[in-house]
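Visitor: Turn this into a structure:
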Amino acid sequence: MSKNTTSNIKNLLSDLEELIISALRNGEELYGLEITKKIESKTEGEIKIGFGSLYPALRRLESKKFVEARWGEDLPEEREGARRRYYKVTAEGLNAYQRKRSIFKKDIHPETSEGLPNV
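Guide: Numbering: from 1, shown residues only. Model (predicted):
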């Protein structure tokens, strides 16, 4: 396997990462709970993502430079709970998303790619 092929495999998105990027792809900045709610809503409740899966996936996406993150600027008295970290998809992340959908659609299972949810 060539170095280029290995690099491409490492940069492919998992199904969970694909769902996250799909939720962020309209340029919105969302925090974790908003991402999970958007995915759950767009899949009509069929996909529910726990925080134990979400945050490691977001960290992987951030390390691949597919999402950018920033801490919210709200004051503790303006919110309840933990400080929010907002995520936004990068151009590189959108490219990886489109690449995976293209590969899936054309090469592997063209009959199933039409039914994939756009979150």
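
Visitor: Show me what the host helix or strand of Glu18 is packed against.
Guide: When elements are assigned from DSSP states H and E, Glu18 belongs to helix 15-24. In terms of contacts (3 or more C-beta pairs under 8 Å, 6 or more residues apart in numbering; DSSP states H and E), helix 15-24 is packed against helix 32-42, helix 51-63, strand 67-71, strand 85-89, helix 91-103. Any C-beta I mention is one placed from the backbone N, CA and C, and that applies to glycine too.

Visitor: Using CSV, list the CA coordinates for that helix.
Guide: In CSV, the C-alpha atoms belonging to helix 15-24 read as follows (Å, rounded to 0.1, in the frame of the first residue of the first chain):
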residue,chain,number,x,y,z
ASP,A,15,-20.0,7.2,9.7
LEU,A,16,-20.3,9.2,13.0
GLU,A,17,-17.8,11.8,11.7
GLU,A,18,-19.8,12.0,8.5
LEU,A,19,-23.0,12.7,10.5
ILE,A,20,-21.3,15.4,12.5
ILE,A,21,-19.9,17.2,9.4
SER,A,22,-23.3,16.9,7.8
ALA,A,23,-24.8,18.6,10.8
LEU,A,24,-22.3,21.4,10.6
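
Visitor: Return the most buried member of the helices and strands packed on helix 15-24.
Guide: Ranked by mean neighbour count under mean count of other C-beta atoms under 10 Å, those are led by strand 85-89, which reaches a mean of 19.

Visitor: Spell out for me which residue occupies the centre of this protein.
Guide: By C-alpha atoms, centre = their mean, the mean C-alpha position of the chain lies nearest to Ile20, the distance being 2.2 Å.

Visitor: who touches that residue in this structure?
Guide: By C-beta atoms under 8 Å, 6 or more residues apart in numbering, the contact set of Ile20 is Ile35, Ile39, Leu54, Ala57, Leu58, Leu61, Val67, Tyr87.

Visitor: any weak-confidence spans in the protein?
Guide: 1-11, 76-77, 106-119 (pLDDT under 70).

Visitor: these two touch, right, Leu24 and Val89?
Guide: Yes - counting by C-beta atoms under 8 Å, Leu24 does reach Val89; the two are 4.1 Å apart.

Visitor: Alright, I will stop here.
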